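**Student:** could you work out the structure for the sequence below:
(one chain, ligands or ions: 1)
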Amino acid sequence: MSSVSVPSLRAVTRPLAELPDLLAYADPAEPLVWTRGDRGCVGIGEALRLMFSGPDRFDRAAAAWREIAAAAEIDDPVRLPGSGLVALGTFAFAGTSGAQSVLVVPRLLIARHRGLAWITEVTLAPTGADAAATALDPELPEAPPLGGWRGAALDVTERGPQTDAYFAGVREAVRRIDDGALEKVVLARQTVAEIPAGDDLRVPLGRLAERYDDCWTFAVDGLIGASPETLIRSTGGAVSARVLAGTRARVAGDAAADGRARDELLTSAKDQHEHAFAVQSVVTALAPHVRSLHTSEEPFALRLPNVWHLATDLGAGLGAERGALELVGALHPTAAVAGTPTGAAIETIAELEPFDRGRYSGAVGWIDAAGDGEWVIALRCGQLESASAGTRTLTATAGGGIVAGSDPEHEFVETVSKFRPVVEAFSA
Ligand SMILES: C=C(O[C@@H]1C=C(C(=O)O)C=C[C@H]1O)C(=O)O
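**Tutor:** Below you'll find the model as predicted:
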């Protein structure tokens, strides 16, 4: 971005006296949402939208954001990560994807961090006029009335040409792994459904936020889901990440069998091995950019409503002059969504998956003017597009790591568990 075209934004943040019900304020048709438990934000309207594509999309977005943040006029007495100027974003998985990667600066942002809440209004800075004279304190708008919900029936167990291609891909991946071409590759499959155009998307978002309270529930530019995997969180100089690899379906209504599924995951040599690879890939990518990198000693079992995951948390101090978006670019794609080694895995995905992943398994999150932000891997999600006047298409994607000895049938069943958050959230 040349300096001539840098828009000059003005952001005014004010604390809110009461804690808002964030989701209630989201746009029913084009929600802009980032929430987990008693934290998060909801955007209303758009002050600015930046679009990127290609292999250098992260670098160009990070550079553009640095310039915009530097040029912005920010009146922010709250001074917390996520107050002042904020953009929400979603980035495509592949550098070759036809899907746009976007950063959106909402016109209004209502945010909450535990017991504190604030509102930020962003406008194009007035030129020539006395900015102070035109500035008004942003006010909480009326929440839109709750609309209807008819939902979509996503069938994720049906077999057909699409699943045939998935099974063939998994078998071929195992063959290539046996031949020594690569160690691990993550293969995914897609399913498509239609929802009525008038449906109020706060309904599925509310379900996701309630059921998946250990996950980040998000809605950015039609990408809607709840991800358990923190790619990077960088706030006030502290960096953290959560690496997941290794999955078992939860067993509903049978605590003993559910406990056995968890123990089997914790003691599986195959899963521990795959997990170690995923952790190593994040450590290697992150190490040059941070100080005092440490990981939880042993992987732990993360319990979600649909699955158990082997999980490792990482913590570090931020190195000099790095913002969250630069770290996202350095980390993406991790072995959790591509494989090992990365280059061979990306090529294998391009050859064996018969579709463009779009934003699935890319990054979704937010960034503020200081470079603080939170980004998760876009998993357990679906992308909504406008189809015809009356309907919108929902494309949901889920996958899993293929390693030596992976069984295609078993991998298919694992994807069914990973589709569950979206299937249930969008059901009638
Ligand atoms: C690829 C997905 O999930 C990833 C793959 C996992 C696995 O193979 O065990 C576990 C968590 C995620 O890192 C997905 O949800 O689509």
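
**Student:** is residue 193 in a helix, a strand, or coil?
**Tutor:** For residue 193, the assignment made with DSSP: H, G, I helix; E, B strand; the rest coil gives strand.

**Student:** dump the residue contacts of residue 77.
**Tutor:** Taking Cβ atoms under 8 Å, 6 or more residues apart in numbering, we find residue 77 in contact with 13, 14, 15. Every C-beta, even on glycine, is put in place using the N, C-alpha and C of the backbone.

**Student:** in a strand, that's where the first one is, yeah?
**Tutor:** Spelled out, that is residue 13. Yes: under three-state DSSP, residue 13 falls within a strand.

**Student:** and it, how many neighbours?
**Tutor:** Per other Cβ atoms under 10 Å, the neighbour tally for residue 13 reads 25.

**Student:** hey, which helix or strand in this structure has the poorest pLDDT?
**Tutor:** Least confident element among the helices and strands of the chain, by mean pLDDT, DSSP states H and E: helix 131-134 (a mean of 53).

**Student:** next helix or strand past that one?
**Tutor:** Per DSSP states H and E, helix 131-134 leads on to helix 161-178 as the next helix or strand towards the C-terminus.

**Student:** now what about that following helix, what contacts it?
**Tutor:** Contacts to helix 161-178, defined as Cβ under 8 Å, 6+ apart, come from residues 182-185, 187, 189-191, 348, 352-354, 402-406, 408, 411-412, 415.

**Student:** quick check on these: which are buried?
**Tutor:** The neighbour count (16 or more other Cβ atoms under 10 Å) marks 182-185, 187, 189-191, 348, 352-353, 402-403, 406, 408, 411-412, 415 as buried among these.

**Student:** which ones among these lie within helices?
**Tutor:** Of the buried ones among the contacts of helix 161-178, the ones assigned to helices by DSSP state H are 348, 352, 408, 411, 412, 415.

**Student:** you'd agree the second one is up against residue 186?
**Tutor:** No: taking Cβ atoms under 8 Å as the definition, residue 352 is not a contact partner of residue 186, at 10.6 Å.

**Student:** and residue 312, what is it in contact with?
**Tutor:** Contacts for residue 312 (Cβ under 8 Å, 6+ apart) come out as 242, 243, 275, 279, 295, 296, 299, 300.

**Student:** recalculate using a threshold of 6 Å.
**Tutor:** Residue 312 makes contact with 243, 279, 295, 296, 299, according to Cβ atoms under 6 Å, 6 or more residues apart in numbering.

**Student:** which strand residues bridge it?
**Tutor:** residue 243 (DSSP bridges).

**Student:** next one: it from the ligand, what distance?
**Tutor:** According to Cβ to the nearest ligand atom, to the nearest Å, residue 312 and the ligand sit 11 Å apart.

**Student:** near the ligand, which residues of the stretch 51-200 of the chain show up?
**Tutor:** Applying Cβ under 6 Å from any ligand atom, we find that the stretch 51-200 of the chain lies next to the ligand at 186, 188.

**Student:** ok and the residue in the stretch 51-200 of the chain nearest the ligand?
**Tutor:** Across the stretch 51-200 of the chain, no residue is closer to the ligand than residue 186, which sits at 5.2 Å (Cβ to the nearest ligand atom).

**Student:** now that residue: how far from residue 330?
**Tutor:** To residue 330, residue 186 is 19 Å away according to Cβ to Cβ, to the nearest Å.

**Student:** and what of residue 41?
**Tutor:** Residue 41 sits 25 Å away from residue 330, going by Cβ to Cβ.

**Student:** ok, residue 186 and residue 330, which is more surrounded?
**Tutor:** In this view residue 186 and residue 330 are compared by other Cβ under 10 Å, and residue 186 has more residues nearby, 24 against 18.

**Student:** thought the residue of the stretch 51-200 of the chain closest to the ligand was touching residue 337?
**Tutor:** Yes: Residue 186 lies in contact with residue 337 (Cβ atoms under 6 Å); the separation is 5.3 Å.

**Student:** got the contact list for residue 82?
**Tutor:** Contacts for residue 82 (Cβ under 6 Å, 6+ apart) come out as 111, 368.

**Student:** check what pLDDT it gets.
**Tutor:** Residue 82 is assigned a pLDDT of 97 by the prediction.

**Student:** before we move on, what about the one 4 residues further on?
**Tutor:** Per-residue confidence at residue 86 stands at 98 (pLDDT).

**Student:** once you drop chain neighbours, what's closest to it?
**Tutor:** Closest residue in space to residue 86, ignoring its immediate chain neighbours: residue 368 at 4.9 Å, by Cβ to Cβ, 6 or more residues apart in numbering.

**Student:** and the gap between the one you found and residue 236?
**Tutor:** Remark: distance between residue 368 and residue 236 (Cβ to Cβ) = 11 Å.

**Student:** show me which of the two is the more surrounded one.
**Tutor:** Neighbour tally, residue 368 and residue 236, criterion other Cβ under 10 Å: the higher count belongs to residue 368, 25 against 9.

**Student:** coming back round to it: ok, the residue nearest to residue 86 touching residue 87?
**Tutor:** No: the criterion here is Cβ under 6 Å, and residue 368 misses it with residue 87 at 8.1 Å.

**Student:** how far does stretch 41-59 stretch from one end to the other?
**Tutor:** Chord length of stretch 41-59, first to last residue, is 25 Å (Cα to Cα, to the nearest Å).
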